[in-house]
Structures are given as C-alpha cells and as structure tokens.
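Engineer: structure for the following, please:
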Amino acid sequence: PAPWLAARRLPRRRVHVVGVARPEHLRTVARLRRELARSRHDVALHLSPPAPGAGKWANVNAALAAAPIGDADWLLIVDDDVRLPRGFLDRFLALAEGCGFELAQPAHAFASHAAWDVTRRRPGVLARRTRFVEIGPVTALSARAARELLPFPDLRMGWGLDARWSAIAAEREWPIGIVDATPVRHLRPVAASYPRDEAIAEAEAFLDGRAYVTRTQAGETVAEYRRV
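Structural biologist: Next up, the predicted model:
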C-alpha cells in the first residue's frame, strides 16, 4: 500500500528503545522520553548512563543484555543529543513499514548536524529507499534485522558500522531507507565528543576484510515516495 495510507492503519507495535544518557544531556533525554511516551505504540524505554570507559556500542549491548529485545517489532537506537518532532514515533514507524524498510532512519532537519548529504530532508518527499542508513542519531531495526545484526560489535565510535549494515542489507535484499516526513535535529556536530582520527582508524580496522557500501553507493537514492 501507499506509505501515507499505511500510516493511518498500522497496528499497535512493540518498540524497544535503547540509548546512552550522559549526565550533561539529561534535559534533552527528558524531552526524548516525553516525546516517545506520547506514542500509541507499546514503547519500552531503556536510556541508561554510560559505563565508565565503555564505548557507545558496548553500552548499547549492555543495555540489551539487561533488557533483551524479546518479541518487540522494532528496536530503536537513539542518541542523547537529538530532538524529535512532535508525534514522531507513530508517523515514522508507519512510513517505515509502509515502505517495507527493515532498516530506517529519520531524515535530518535543515538545522541538524549531519554527516551525510543523503540523510538531509528533501522537501515534498515522505520517504526514500536508499542504499545506506546511518547508525545515529536515530536508527530503527525491524525484528528481522535485529535478529541478524545483534549483538553489535564492541566498537567505541562505530564509524563504518552503518556501511557494513547497509552491505548486509543489500546481500539479504532488505529494503532500507530514510523517512523525510519526520525530520530530527542532531544538536551537536559529528565527532564533537571524541577524536575524529580515532574514529576513522577504528572504522578502517573494522571494515578491513568485510563487505561494505562505498561513499558513492551510500549517496544513492533508489526510490522516492511522495504524497499524490
């Protein structure tokens, strides 16, 4: 069905939300909690302080070990420095499912700090099928994708993980994409809290010997979905 029609009749879903909540971002995290709690879906929130010395993905794995995804329909990974639009989750999931996405992310708003041009919001577009979905600031994995991708690698910054996930999606023939109708605002520049050169070195080591999408492939849009 057309994604805007699916948005009106999506059954209630079980959504498992995990993320790291750093003390300096507690106000933003509180806003995240309030927005996600507005959803008509069954939302389980697991936003926890980071363990000392652990990277993001070790913390996410620890959160999932303490609170397994179980029979959730979606796993949502959220950063603690992102602002969601009002009514975000209901519309985002409806459009992601309406487009058949197994991996999905909301587009970046025009004022958001984004690392990839392809993730910027496109006016007049509801969603796009792409060859790439990034690992933050908000990433959604279907139950099917979560079964294949969990547990996550023990990475600190995680650069390159999204290129690997996107290659796995291509191998499995999973549709993946970006939801433009629910743009989020990433409040801090990319690599604001860690050294960029270390993130690049970690990515190069992680991707060595593994299939991944190239930067050119990552920028490609396969299809656009518009309201007609």
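Engineer: the helices in the chain, which residues?
Structural biologist: Ranges of helices within the chain are 3-6, 26-37, 56-66, 88-98, 143-149, 161-172, 196-207, 215-218, based on DSSP state H.
Engineer: can you flag the weakest of these by average pLDDT?
Structural biologist: With a mean of 56, helix 3-6 has the lowest mean pLDDT of the helices of the chain.
Engineer: pull the contacting residues for the residue lying closest to G70 once chain neighbours are set aside.
Structural biologist: Nearest non-adjacent residue to G70, counting by CB to CB, 6 or more residues apart in numbering: H16, 7.3 Å away. Any C-beta I mention is one placed from the backbone N, CA and C, and that applies to glycine too. By CB atoms under 8 Å, 6 or more residues apart in numbering, H16 lies in contact with 44, 46, 67, 69-70, 72, 74-76.
Engineer: and A223, by the same measure?
Structural biologist: For A223, the contacting residues are 128-129, by CB under 8 Å, 6+ apart.
Engineer: bridged to it, which residues?
Structural biologist: R129 (DSSP bridges).
Engineer: so which of the contacts of H16 are in strands?
Structural biologist: Counting by DSSP state E, the part of the contacts of H16 found in strands is 44, 46, 74-76.
Engineer: name the single longest strand found in this structure.
Structural biologist: In the chain, with assignment by DSSP E, the single longest strand is strand 176-186.
Engineer: now that one against helix 161-172, angle please.
Structural biologist: Orientation note: strand 176-186 sits at an angle of 160 degrees relative to helix 161-172 (axes from the mean of the first three to the mean of the last three CA atoms, to 10 degrees).
Engineer: neighbours of P68, just the number please.
Structural biologist: Residues lying near P68 (other CB atoms under 10 Å) number 11.
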